[in-house]
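**Student:** just need the structure, nothing else, for what follows:
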Amino acid sequence: FSTMEGDLVKVPSAIQRSRKVFCSQCGRKGASIGCNMFRCKCSFHYGCLAASGALLLEDKRAFCRIHRHSKQAARAHEHDALATASRALRVLPGKRLAGGV
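**Tutor:** Numbering: from 1, shown residues only. Next up, the predicted model:
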């Protein structure tokens, strides 16, 4: 999850959740990016997203290949993964980790 500034928050809980989720492309556990369409169960590893035909938008929403042409996806801009791959990333600790635990 990320803030309006682009900082990642709740990373530990996202990692825990992804350990149970299977990737719709490769079938392995650890998928952390889900299709943004309501009730769609497709999830992907970041590296499997493009190979699956899914769409990643600039606002970090993703749509599987079935929903990539939906009205929601059409209103946004596609994300250029290569342009942001070298961007600095700041991860903010969750409340449980804020005390230095």
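**Student:** can you tell me which helix in the chain is longest?
**Tutor:** helix 11-18 (DSSP state H).
**Student:** restrict it to CA atoms and write it as PDB.
**Tutor:** Output of helix 11-18 as PDB, limited to C-alpha atoms (Å, rounded to 0.1, in the frame of the first residue of the first chain):
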ATOM      1  CA  VAL A  11       4.700  -3.700   4.000                       C
ATOM      2  CA  PRO A  12       4.900  -6.500   6.600                       C
ATOM      3  CA  SER A  13       1.200  -7.200   6.400                       C
ATOM      4  CA  ALA A  14       1.300  -7.100   2.600                       C
ATOM      5  CA  ILE A  15       4.200  -9.600   2.600                       C
ATOM      6  CA  GLN A  16       2.300 -11.900   5.000                       C
ATOM      7  CA  ARG A  17      -0.800 -11.800   2.800                       C
ATOM      8  CA  SER A  18       1.100 -12.400  -0.400                       C
END
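**Student:** surely residue 40 touches residue 54?
**Tutor:** No. Using C-beta atoms under 8 Å, residue 40 is not in contact with residue 54; the gap is 10.6 Å. C-beta coordinates here come from the backbone N, C-alpha and C atoms, glycine included.
**Student:** which of the two has more neighbours?
**Tutor:** residue 54 (23 against 15; other C-beta atoms under 10 Å).
**Student:** now the helices for this structure?
**Tutor:** Using DSSP H, helices in the chain cover 11-18, 46-49, 71-74, 81-84.
**Student:** so which of those gets nearest residue 27?
**Tutor:** helix 46-49 (9.6 Å; C-beta to C-beta).
**Student:** now tell me which helix or strand of the chain has the poorest mean pLDDT.
**Tutor:** helix 81-84 (a mean of 45; mean pLDDT, DSSP states H and E).
**Student:** show me where pLDDT drops low in the chain?
**Tutor:** In the predicted model, the chain carries pLDDT under 70 at residues 1-4, 6, 76-101.
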